[in-house]
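Participant: Got a predicted structure here, sequence first:
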Amino acid sequence: MNGLAVICRRVVQIYRAEGGDVVALAGVDLEIAPGEKVALVGPSGSGKSTLIALLAGLMRPSAGRVHLGQTDIGKLTDGELARLRGTDLGVVLQGATRNLLPYATLEDNIWLAQRRVRKVRPADVEPAESVAALVGLLGYGDRRIDQLSPGAQQRAALAVGLAASPGLLLVDEPTSRLDPVARDEVLSALDRVNAERGTTIVAVTHDMAVGEAFGRVVTIRDGRVGAEGRGGREFAVVAGDGTVQLPPAMLASYPPGTLFSVDDVDGAVMLEAEKPAAG
Ligand SMILES: Nc1ncnc2c1ncn2[C@@H]1O[C@H](COP(=O)(O)OP(=O)(O)OP(=O)(O)O)[C@@H](O)[C@H]1O
C-alpha cells in the first residue's frame, strides 16, 4: 500500500504507576506526510518509545488524537487495532531477534508475518523472495535466522516488518550494536523501501547517522516535540498550545520563571529577558 500520513494532535500519555502517575507525553503535535522518513531522537526517558507504541496501536492515548491516514486510532476496538498492526503498520522492535523466530528460515519468518494480510488483502502479498530482496537479502530465504550475522538479522527483522507491505514502518533503534558496514546496509535497505514503495518510516534512534540519512529529525524533550532538524538546520517548533521550547543549553541562563518581552520585528521574533529587579 501507499505511504500513510501520521498526525498527532496534543497527544498526552499518562502511565498509572504505584508511586504516582507518570506523564510520558505532555502534548505532542506532529505531522508526517505520506512517504516521509523521520528520525525520533531525544534523551532517555523523554517519551520516544511511548510515542512509537502509540503509533503502533499498542495503546491508546490518554488524551489527544493520533491519526494514521484517515483512521483515528483512539476510536478503534482492540480487534481493529490488532488487524491494523498486521496489515497497514509494520513494527520492528528493538533487538532484531525479538521480531524473529530464530530456528525458522527467513522465508518462513516472512510467510508467518504475512498471515493476516493474506486474509485481508491477498492481492498485496508479495513473494518472500522479493521482500528479502528489498532489504538486500536475496538468496537468503532458506537460511535460518540464527545463522545470519547481526547486520543480516537486523535486515531480516525489517523484512518481517515489511512483509505485509505496510504504509507505515515503525522501527526502534534499527542500527544499535551494528558495525559501520552493517549499519550502512540497514540504512540502504530503509532507503530502498522508502524509495521503491513510498513507505512512511519513523525510527527511534540514538544514532546521528540515521538522522543524517533521514533528513528530518524530531527531538522529543520532556514528552513534547522540543526541536526539529531539517536538512542539517535546527528549528524550534510551535506546539499546539502556542509554546516553544528553548534549547536546553539556554536554560542555565534563563531558568524557569524567567520573564521575556516578545516582539515581532519584521518577521523576526525578538525575546528580551527581563532583568531581575535589583535588590
Ligand atoms: N509502563 C510504564 N509505567 C510507568 N512509567 C513508564 C512506563 N513506560 C515508560 N514510563 C515512563 O515514561 C517516561 C517516558 O518513557 P519512554 O520509554 O517513552 O522514554 P524514551 O525516550 O523511549 O526512553 P529511552 O531512550 O530510555 O528508551 C519515562 O519517565 C519512563 O520512566
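Facilitator: Perfect, I can see it now. Numbers count the residues shown, from 1 in each chain.
Participant: Which residue ranges of this structure form helices?
Facilitator: Counting by DSSP state H, the chain has helices at residues 48-55, 78-85, 106-113, 115-120, 128-134, 150-162, 180-197, 208-214.
Participant: Could you check how far the residue in the stretch 51-200 of the chain that the ligand sits nearest to is from residue 29?
Facilitator: Ranked by C-beta to the nearest ligand atom, the top residue of the stretch 51-200 of the chain for proximity to the ligand is residue 51, at 6.9 Å. C-beta coordinates here come from the backbone N, C-alpha and C atoms, glycine included. To residue 29, residue 51 is 12 Å away according to C-beta to C-beta, to the nearest Å.
Participant: Overlap of the contact sets of these two?
Facilitator: 8, 11 (C-beta atoms under 8 Å, 6 or more residues apart in numbering).
Participant: Report how many residues lie close to residue 78.
Facilitator: 9 (other C-beta atoms under 10 Å).
Participant: State the distance from it to residue 85.
Facilitator: 11 Å.
Participant: And residue 51 and residue 29? Which one has more around it.
Facilitator: residue 51 (28 against 17).
Participant: So the more buried one is in contact with residue 26, correct?
Facilitator: No: contact between residue 51 and residue 26 fails when scored by C-beta atoms under 8 Å: they sit 11.4 Å apart.
Participant: so where do the strands sit in the stretch 1-150 of the chain?
Facilitator: Per DSSP state E, counting those that start in this stretch, the stretch 1-150 of the chain carries strands over the ranges 6-17, 20-32, 37-41, 63-68, 71-72, 89-92.
Participant: So which other helices or strands are in contact with the second one?
Facilitator: Read it as strand 20-32. strand 6-17, helix 48-55, strand 224-230 (3 or more C-beta pairs under 8 Å, 6 or more residues apart in numbering; DSSP states H and E).
Participant: neighbours around the residue nearest to residue 227 when sequence neighbours are not counted, how many?
Facilitator: Distance criterion C-beta to C-beta, 6 or more residues apart in numbering; nearest residue to residue 227, sequence neighbours excluded, is residue 219 at 4.4 Å. Other residues near residue 219 come to 24 when the count uses other C-beta under 10 Å.
Participant: Read off the pLDDT value for residue 219.
Facilitator: The model reports residue 219 with a pLDDT of 96.
Participant: measure it to residue 43 for me?
Facilitator: Noted for residue 219: a distance of 9 Å to residue 43, by C-beta to C-beta.
Participant: Any stretches of the chain with poor pLDDT?
Facilitator: Applying pLDDT under 70 to the chain flags the ranges 276-279.
Participant: which residues sit in contact with residue 124?
Facilitator: Counting by C-beta under 8 Å, 6+ apart, residue 124 touches 1, 117, 164-165.
Participant: Ends of stretch 174-181, what's the gap?
Facilitator: Stretch 174-181 stretches 14 Å from its first residue to its last (C-alpha to C-alpha, to the nearest Å).
Participant: Quick check: buried residues in that stretch?
Facilitator: The neighbour-count check on stretch 174-181 (16 or more other C-beta atoms under 10 Å) flags 174-176, 178 as buried.
Participant: same deal with stretch 211-222?
Facilitator: Applying a neighbour-count criterion of 16+ other C-beta under 10 Å, the buried positions in stretch 211-222 are 211, 213-214, 216-222.
Participant: repeat for stretch 55-71
Facilitator: 55-57, 61-62, 64, 66-69, 71.
Participant: Could you check how far residue 207 is from residue 247?
Facilitator: Residue 207 sits 21 Å away from residue 247, going by C-beta to C-beta.
Participant: Give me the more crowded residue out of those two.
Facilitator: Neighbours were counted for residue 207 and for residue 247 using other C-beta under 10 Å; residue 207 has more, 19 against 12.
Participant: Done for today, thanks.
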